[in-house]
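**Student:** Here is my input; please provide its structure:
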Amino acid sequence: MRLRTLPVSVAGVVMAVGYNLLTGTFKAVPAALCLVFAVLAQIASNFANEYYDFRDGLDKAGREGPRRGVTEGDISPEAMKRATYFTLGLACLVGCSLIYWGGWWLIAAGAVIAVGAVAYSAGPFPLSRNCLGEVAVMLFFGIVPVNLTFYVQSGYFADDVFAGSLAAGFMIANVLVVNNYRDADDDASVGKRTIAVVFGRRFASTLYLFNGFLALICMWGVLRHCQALAYGYGVIHLILWKLIDRKSGRALNPMLGATAMLIFLFALTFCLWALCRA
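**Tutor:** Residues are numbered from 1 along each chain as shown. The predicted structure is shown next:
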C-alpha cells in the first residue's frame with residue numbers, strides 16, 4: 001500500500017474541503033466519500049505498479065527503495081493482480097455513490113481516473129516509464145481530486161480552486177521526484193525512462209525545488225491572507241531540498257515520507273485556517 005505516500009491522496013481532498021469551507025459549501029458526506037475514493041484509487045495504483053513493474057522485469061530484488069512484495073517473493077503476482085482490481089472496483093463503487101451530488105457525468109470522470117490508475121504502470125505507453133509520471137501525478141492527485149471534491153459539494157467549479165489544484169499538483173509531484181531521484185540508477189539499468197534518468201539527478205533536484213515555490217505562487221491569492229503558512233511551508237521545503245540534495249539510495253526513503261507529510265500538513269493547516277475564517 002506504500003503507507004508513506006498515502007498522505008498525498010488525503011491532501012488533495014483536504015485542500016478542496018478548505019475551499020468549500022471558505023465558500024460556505026462544505027458537505028460532510030460527499031467530502032468523506034471523496035476521501036475514501038481517493039485513498040482507494042491510490043492504493044489500487046500502487047498495487048498495479050507493484051504487479052506490472054514485476055511482470056515487465058523493472059523491479060529487482062534488493063532495490064534501493066522500500067521492499068517490493070512481489071519482487072521479493074512475499075506476495076504472488078496473481079494475488080497482487082487480484083488485489084489491484086478488487087481495490088479499484090471498491091473505489092469505483094464508492095465513486096458511483098457521488099453521482100447523487102455531482103450528476104451522471106461523474107461516471108465518465110471516474111472511468112478516466114480508473115484507467116489512469118492502471119495506465120500509470122501498464123498499457124502500450126506506461127506513463128511512469130516515459131517521463132510522464134510527474135505529469136500524471138499532478139493531474140490525478142492534484143488537479144482532478146481538488147476540483148472534483150470541491151464540485152460535488154458546491155455544484156460549481158471556481159478559478160481559485162483550480163489554482164489551488166495546480167498548487168497541490170506541484171507539491172504532490174515532488175513525492176515522485178524524490179522516488180525517481182533515488183531510483184535513477186536502478187531505473188536506467190532496466191530501461192525505465194523517468195525525468196531523473198533522462199535529464200539527470202541535478203535536474204530532478206532542481207525540479208523539486210521549483211515545484212514547491214511554483215505551488216506557493218499558484219495559491220498566493222489565498223496565501224497572502226495566511227502568510228505564516230506560506231513561509232512555514234517554504235522554509236521546510238528548502239530544508240528538505242537541501243537534505244535530498246545531499247543523500248542517495250536508501251537514505252532518501254525518509255525524505256519521500258517527509259515530503260508527503262509536508263504536503264498533508266500544508267493542506268490540513270489551510271483547511272483549519274479556512275474553518276476559522278468560515
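
**Student:** Would you mind listing where this protein has pLDDT under the threshold?
**Tutor:** Scanning the chain for pLDDT under 70 picks out 62-65.

**Student:** could I get stretch 107-124 in PDB with only the CA atoms?
**Tutor:** Output in PDB follows, covering the C-alpha atoms of stretch 107-124 (Å, rounded to 0.1, in the frame of the first residue of the first chain):
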ATOM      1  CA  ILE A 107     -19.200   8.200 -14.400                       C
ATOM      2  CA  ALA A 108     -17.000   9.400 -17.300                       C
ATOM      3  CA  ALA A 109     -14.700  11.200 -14.800                       C
ATOM      4  CA  GLY A 110     -14.400   8.100 -12.700                       C
ATOM      5  CA  ALA A 111     -13.700   5.900 -15.700                       C
ATOM      6  CA  VAL A 112     -10.800   8.200 -16.700                       C
ATOM      7  CA  ILE A 113      -9.400   8.100 -13.100                       C
ATOM      8  CA  ALA A 114      -9.700   4.300 -13.100                       C
ATOM      9  CA  VAL A 115      -7.900   3.900 -16.400                       C
ATOM     10  CA  GLY A 116      -5.200   6.400 -15.200                       C
ATOM     11  CA  ALA A 117      -4.600   4.300 -12.000                       C
ATOM     12  CA  VAL A 118      -3.600   1.400 -14.200                       C
ATOM     13  CA  ALA A 119      -2.100   3.300 -17.200                       C
ATOM     14  CA  TYR A 120       0.500   4.800 -14.900                       C
ATOM     15  CA  SER A 121       2.200   1.400 -14.900                       C
ATOM     16  CA  ALA A 122       0.600  -0.600 -17.700                       C
ATOM     17  CA  GLY A 123      -0.700  -0.400 -21.300                       C
ATOM     18  CA  PRO A 124       1.000   0.300 -24.500                       C
END
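
**Student:** Touching that stretch from outside, list them.
**Tutor:** 41-42, 44-45, 48-49, 51-53, 84, 88, 91-92, 95-96, 99, 125-129, 133, 136, 139-140, 144, 148 (Cβ atoms under 8 Å, 6 or more residues apart in numbering). C-beta coordinates here come from the backbone N, C-alpha and C atoms, glycine included.

**Student:** Any idea how many residues pack against the residue lying closest to residue 148 once chain neighbours are set aside?
**Tutor:** Leaving aside its chain neighbours, residue 148 sits nearest to residue 109 (6.4 Å; criterion: Cβ to Cβ, 6 or more residues apart in numbering). Residue 109 has 17 neighbouring residues, counting by other Cβ atoms under 10 Å.

**Student:** Against residue 276, how distant is residue 109?
**Tutor:** Distance check for residue 109 against residue 276: by Cβ to Cβ, to the nearest Å, it reads 32 Å.

**Student:** Out of the contacts of stretch 107-124, which end up buried?
**Tutor:** Listed as buried from the contacts of stretch 107-124 are 41-42, 44-45, 48-49, 51-53, 84, 88, 91-92, 95, 126-129, 133, 136, 139-140, 144, 148; burial here means 16 or more other Cβ atoms under 10 Å.

**Student:** quick revisit: among the contacts of stretch 107-124, which ones are in helices?
**Tutor:** Counting by DSSP state H, the contacts of stretch 107-124 place 41-42, 44-45, 48-49, 51-53, 84, 88, 91-92, 95-96, 99, 133, 136, 144, 148 in helices.

**Student:** centre of the chain versus stretch 138-152, how much separation?
**Tutor:** Centroid separation for stretch 138-152 versus its chain: 11 Å, with Cα atoms, centre = their mean, to the nearest Å.
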